[in-house]
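Undergrad: Build me a model:
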Amino acid sequence: MLKLIATCAAGLEAVLARELESLGYKDLQVENGRVVFTAGLRDIAKANIWLRTAGRVLVLMGAFPALTFDELFEGTKALAWADWLPPDAEFPVSGRARNSKLMSVPDCQAIVKKAIVESLKGRYRRRWFEETGARFPIDVSLNGDIATLTIDTSGTGLHKRGYRPEAGTAPLRETLAAGLVLLSYWQPDRVLLDPCCGAGTIPIEAALIGLNKAPGLERDFAPAAWPVVPKKVWEEEREEAKACIRHEELRIYGSDIDGEAVRLARRNAEKAGVGGAVHWQTLPLSQVRSRYQYGCLICNPPYGERIGDREASESLYIELGKVARQLENWSIYVLTNHPGFERFFGRRADRRRKLYNGRLETTYYQFFGPRPGAAHTLAQAHAHAHKKE
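TA: Numbers count the residues shown, from 1 in each chain. Below is the predicted model:
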């Protein structure tokens, strides 16, 4: 068994932990921006293919005190690098330091690189390593007095599902979009609407969730070339994921005033394999309506600072508030970094959650509607009480 680290945007740690629990992992350690869990080699493929809110999956090689460069060198050299790296491995070293006595990150990277080479020499009995084979990205993180060394098993970040080569304007990361859906009350049997869909990321991620389609199913992973995790394992995990896909009709809708954005969203949905699961429409926000009494509206409207037009964003928030009042039994979820959003929307949120869209701090405003049927039951109770009077 080994320790794996699934990283995530700040604020999504609990969501990521629930994902890991649903995949069967029990020994979880939730930390800032990551969840550590115990797993086997096969789980490297499983976690990369299935996790929706994780940014990367890392192998935890070791963590140890490092107050000096000598301690960093010896601690690194003592780790079992040859169990992972073949003699032709390419292993670039990245680094970060926070509140550490070893603040020269380039020096730390060079020391870690040299220590790994010395460790490999002991196993492979050679003096020179060509680094012409598979890539094993290594990271050294110095936090206080502790050095933590990891190997990245994801290659390209997990937010790059492969369906959105064109990001559009002011993109929302796929991992965060999935988090917004998982933080809502939406279930596959309910309606979901994004009236500011842009490139379609929220509806597409909702469709992947609703169909139980693994988000990494359509993309490649560089570690599939690693000898330590045979290619056959990746193929078997993909086949198991394909067998888990549900084939059912979803009621997911995406609309936007920008016709080109809607066309891009439609293309992205086709690439994601959920083209038939989402209904798209070019429509101004002011004309958004729904015949459904209950549902979830989830959106990431433009931010004033981001698009350079704060007044236009505030007008949009006012219009969004009008739409929400017409959808009186719906739950509304809005992600924005505008500090006065509630004032323009016209209602205080039932819950707020701080989330990061890349490096941008945002707030996820959550306005809860009644459960389907609850409003009708309440109305009947009031009518019955009125009759008794």
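Undergrad: How about the contacts made by residue 143?
TA: 97, 98, 99, 100 (Cβ atoms under 8 Å, 6 or more residues apart in numbering). Any C-beta I mention is one placed from the backbone N, CA and C, and that applies to glycine too.
Undergrad: Now the phi/psi pair for the residue most central in space within the chain, please.
TA: Geometric centre of the chain, nearest residue: residue 175, 2.2 Å, by Cα atoms, centre = their mean. The phi and psi torsions at residue 175 (degrees, to the nearest 10) take the values phi -60, psi -40.
Undergrad: So it is in contact with residue 16, correct?
TA: No - judged on Cβ atoms under 8 Å, residue 175 makes no contact with residue 16 at a distance of 9.2 Å.
Undergrad: Please parse the protein into its domains.
TA: 2-152, 174-214+222-375 (automatic domain parsing).
Undergrad: Could you say which one of the ones you listed comes nearest to residue 163?
TA: domain 174-214+222-375 (3.6 Å; Cβ to Cβ).
Undergrad: Could you find the closest non-adjacent residue to residue 337?
TA: Closest residue in space to residue 337, ignoring its immediate chain neighbours: residue 362 at 4.5 Å, by Cβ to Cβ, 6 or more residues apart in numbering.
Undergrad: cool, residue 301 as well?
TA: Closest to residue 301 by Cβ to Cβ, 6+ apart is residue 196, at 4.5 Å.
Undergrad: which residues touch that neighbour?
TA: Residue 196 neighbours (Cβ under 8 Å, 6+ apart): 256, 285, 299, 300, 301, 302, 316, 320.
Undergrad: picking that back up, are any of the contacts of residue 143 buried, and which?
TA: Burial by neighbour count, judged by 16 or more other Cβ atoms under 10 Å, picks out 97, 100 from those.
Undergrad: Could you dump the domains of the chain into CSV with distance to residue 161 and mean pLDDT added?
TA: Shown next, in CSV, are the domains of the chain (distance: least, Cβ to Cβ, whole Å; pLDDT from 0 to 100):
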stretch, distance to residue 161, mean pLDDT
domain 2-152, 9, 96
domain 174-214+222-375, 5, 93
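Undergrad: Select, out of those, the one closest to residue 159.
TA: Of all those, domain 174-214+222-375 comes closest under Cβ to Cβ, at 4.3 Å.
Undergrad: Max pairwise distance over the contacts of residue 143: which two?
TA: Greatest spatial distance among the contacts of residue 143 (Cβ to Cβ): 97 and 99, at 8.1 Å.
Undergrad: any chance you could map the helices in this protein?
TA: For the chain, the helices defined by DSSP state H cover 13-22, 42-50, 69-77, 105-124, 174-182, 201-210, 231-243, 259-272, 304-307, 310-326, 341-345, 374-388.
Undergrad: Next, format those helices as a markdown table and append distance to residue 332.
TA: Formatted as a markdown table, the helices of the chain follow (distance: least, Cβ to Cβ, whole Å):
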| stretch | distance to residue 332 |
| --- | --- |
| helix 13-22 | 19 |
| helix 42-50 | 29 |
| helix 69-77 | 50 |
| helix 105-124 | 44 |
| helix 174-182 | 12 |
| helix 201-210 | 13 |
| helix 231-243 | 32 |
| helix 259-272 | 21 |
| helix 304-307 | 20 |
| helix 310-326 | 5 |
| helix 341-345 | 9 |
| helix 374-388 | 15 |
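Undergrad: Would you mind finding the most buried of these?
TA: The highest mean neighbour count among the helices of the chain, using mean count of other Cβ atoms under 10 Å, belongs to helix 201-210: a mean of 28.
Undergrad: So what's the gap between it and the chain middle?
TA: 12 Å (Cα atoms, centre = their mean, to the nearest Å).
Undergrad: repeat for stretch 196-214
TA: Going by Cα atoms, centre = their mean, where stretch 196-214 is centred and where its chain is centred differ by 12 Å.
Undergrad: hmm, who's touching stretch 284-298?
TA: 180-181, 184-186, 190-196, 202, 206, 251, 253, 255, 257, 316, 319-320, 322-324, 326-327, 329-334, 369-372, 375.
Undergrad: so how far is residue 21 from residue 279?
TA: Distance, residue 279 to residue 21, by Cβ to Cβ, to the nearest Å: 32 Å.
Undergrad: try residue 138
TA: 29 Å.
Undergrad: Skipping adjacent residues, who's closest to residue 342 in space?
TA: The shortest distance from residue 342 to any non-neighbouring residue, by Cβ to Cβ, 6+ apart, is to residue 348 (5.3 Å).
Undergrad: Can you get me a residue count around that neighbour?
TA: 10 (other Cβ atoms under 10 Å).
Undergrad: Phi first, then psi, for it.
TA: Here residue 348 shows phi and psi, under degrees, to the nearest 10, equal to phi -80, psi 140.
Undergrad: Relative to residue 25, how far out is it?
TA: 37 Å.
Undergrad: just residue 326 next, same as before
TA: Between residue 326 and residue 25 the distance is 43 Å, computed by Cβ to Cβ.
Undergrad: Residue 359 too?
TA: Per Cβ to Cβ, residue 359 is found 29 Å from residue 25.
Undergrad: quick one, which of those two is more surrounded?
TA: Neighbours per residue (other Cβ under 10 Å) separate residue 359 from residue 25, with residue 25 holding more: 19 against 6.
Undergrad: these two touch, right, the more buried one and residue 36?
TA: No - Residue 25 lies out of contact with residue 36 (Cβ under 8 Å); the separation is 10.3 Å.
Undergrad: Wait, residue 71 touches residue 78, no?
TA: No - using Cβ under 8 Å, residue 71 is not in contact with residue 78, being 10.7 Å away.
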